[in-house]
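Undergrad: below is the structure, and that's it, no one-letter string:
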């Protein structure tokens, strides 16, 4: 009978591992292909960064970290959920170099156990390096 308990523990932990959500790293080419799917692309950079480089066409600029590195994850998630067409819609995160989007992606997958989360692994920098298109973002006081 003592064998049942280790087997039960093994099954309990392996099931959790097999069901755990995982963040997917995308290249600029991968993201380009995904833009034609139903994926929700979220640019988490700051408004100053959006103005500086523009944003990927079809993406939604929703800042996660402010310029001081602070965030309101609950408010951000509310904004994202309003854009989602379904709870299992793929979310693709974009930042400047992949660091912040990786952190937010791991928060979504590891802490909230959300599946279907990806990020542009090298950020918009890789997108721009490959001379892919962006669209201009203007502030409310700026004329485009």
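TA: Received the coordinates, thanks. This structure is a prediction, so every number in the text was calculated from the model and none was measured.

Undergrad: in the chain, which spans are strands?
TA: For the chain, applying DSSP state E gives strands covering 24-26, 40-43, 60-61, 91-94, 117-120.

Undergrad: now those strands in TSV, with distance to residue 53 and mean neighbour count?
TA: C-beta here means a position set from N, CA and C on the backbone, and glycine is covered the same way. Below are the strands of the chain laid out as TSV (distance: least, C-beta to C-beta, whole Å; neighbours: other C-beta atoms under 10 Å):
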stretch	distance to residue 53	mean neighbour count
strand 24-26	18	17
strand 40-43	10	23
strand 60-61	11	16
strand 91-94	11	25
strand 117-120	13	25
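
Undergrad: can those go into a markdown table with extra columns for mean pLDDT?
TA: Converted to a markdown table, these look like this (pLDDT from 0 to 100):
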| stretch | mean pLDDT |
| --- | --- |
| strand 24-26 | 96 |
| strand 40-43 | 97 |
| strand 60-61 | 96 |
| strand 91-94 | 98 |
| strand 117-120 | 97 |
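
Undergrad: of all those, which one is nearest residue 108?
TA: Nearest to residue 108 among those is strand 117-120 (4.8 Å), distances taken as C-beta to C-beta.

Undergrad: quick one: list the elements packing against the closest one.
TA: Of the remaining helices and strands, those touching strand 117-120 by 3 or more C-beta pairs under 8 Å, 6 or more residues apart in numbering; DSSP states H and E are strand 24-26, helix 28-34, strand 91-94, helix 99-106.

Undergrad: lovely, talk soon.
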